[in-house]
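In: Here is my input, please return the structure:
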Amino acid sequence: MHAPRLSSLLLATVAAGCFLFAGCSKPAGNSATPGQPVKVRFQTDWFPQPEHGGYYQALAKGYYAAEGLEVEILPGGPNAQVMSGVATGRADLGMTNGDDIIVAIARGVPLRMIAAEMQRDPQGILFHQEHPLASLRDLDGKTIMAGAGSTWLEVVRKKLGIRFNLQPLIGDLARFMNDPRFIQQCFVTNEPYFATQRGAKVGALLIANAELGYEPYRAIFGGHDYLAKHPDIAARFVRASIRGWTDYLTGDPEPANALLRQLRPDLTPEFIAYSIQAMKDYQLVLGDPARGESTGQLKPERLQRQIDLLQELGVLDRPVRLEDVVTFEFLP
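Out: Predicted coordinates for the structure are as follows:
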């Protein structure tokens, strides 16, 4: 639940800007005449936002074009069916939470991860500083508003042996702002900014936790058929996207931000700057060098731990192997 998700944004605003990305109304294929770029439809999970900034940077600075690609970024929204869209060919590649991809694969959806967008998922827990949380163990005995069925809830309950009351997640900060003891799920790149703007003094805990063995990637993925037929295109897309993300977070992000503001006039420079800084502070995309992490990287041992954990929690319809979930051939 990103903070721009707290208000109902018009899809028309996004669609109107899609002419920047090769024209949303035109069907995109994967073949090209010699000398012409290959079209790639990339599906995101939400409206254009800084958390997608690396892709827009690659688009704005010509990194996709340099790889011979004409990339169309398909914006998501509240009802975006990212995985089914990729599995059925409405999009060529997509991005979403790594947990969800593994669960879908266990249900027979023909997908595979090909790169990491983020080294750890930006979901977190938002609290008031006057009633702080030092760790996830501090949730014991408390009430939290969170997405029912979220995998991390079961991880915390079973791994830490704690209990808490759960309220269904709704897309606004009204209750949080009116109750200094209120705790809710958030994206660390997002809701803390808006709560602070409304006068609250807040803190946030990242849910991804090495101690729990729960560190889902946010991943780029493709369908089996597309990856088999177009491996070179997938590799070029990954290479240009990693370049875009690195440049967005270590260089001048304004080329991407200018595109984002055209598509989303509600995105203020202050919010964009906050979101970028949060991605850096939490080492979400660039990773933690001390742990050997880097942009785009997928580690087999981490993914295997994630598969084992989801299996242990009983959320997988059938056992899956590492090779069912990921291919490493497209990483540079």
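In: ok, which stretches of this protein are helices?
Out: Ranges of helices in the chain, per DSSP state H, are 11-16, 53-60, 63-66, 82-87, 98-106, 151-160, 174-178, 191-197, 224-229, 231-250, 254-263, 269-281, 300-312, 322-325.
In: Do you know the pLDDT at D179?
Out: Note on D179: pLDDT of 96.
In: ok, it to E329 distance?
Out: 50 Å (CB to CB, to the nearest Å). To be clear about C-beta, it is placed using only N, CA and C from the backbone, and glycine gets the same treatment.
In: Could you list the low-confidence segments of the stretch 51-200 of the chain?
Out: Along the stretch 51-200 of the chain, segments meeting pLDDT under 70 are nowhere present.
In: Surely F330 is in contact with M113?
Out: No - using CB atoms under 8 Å, F330 is not in contact with M113, being 9.7 Å away.
In: Overlap in contacts, those two.
Out: Common contacts of F330 and M113, defined by CB atoms under 8 Å, 6 or more residues apart in numbering, are absent altogether.
In: Give the buried residues for stretch 197-217.
Out: Residues 200, 202-209, 212, 214-217 are the ones in stretch 197-217 that count as buried (16 or more other CB atoms under 10 Å).
In: Pull the distance from it to the chain's centre.
Out: 14 Å (CA atoms, centre = their mean, to the nearest Å).
In: do the same with stretch 37-47
Out: In terms of CA atoms, centre = their mean, the gap separating the centre of stretch 37-47 from the centre of its chain is 14 Å.
In: What's the end-to-end length of that stretch?
Out: This stretch, stretch 37-47, spans 26 Å end to end (CA to CA, to the nearest Å).
In: Okay, buried residues for it please.
Out: Neighbour-count burial for stretch 37-47 flags 38-47 (criterion: 16+ other CB under 10 Å).
In: quick one: G141 from Q311, how far?
Out: Counting by CB to CB - G141 and Q311 are separated by 29 Å.
In: Among those two, which residue is more densely surrounded?
Out: Q311 (15 against 9; other CB atoms under 10 Å).
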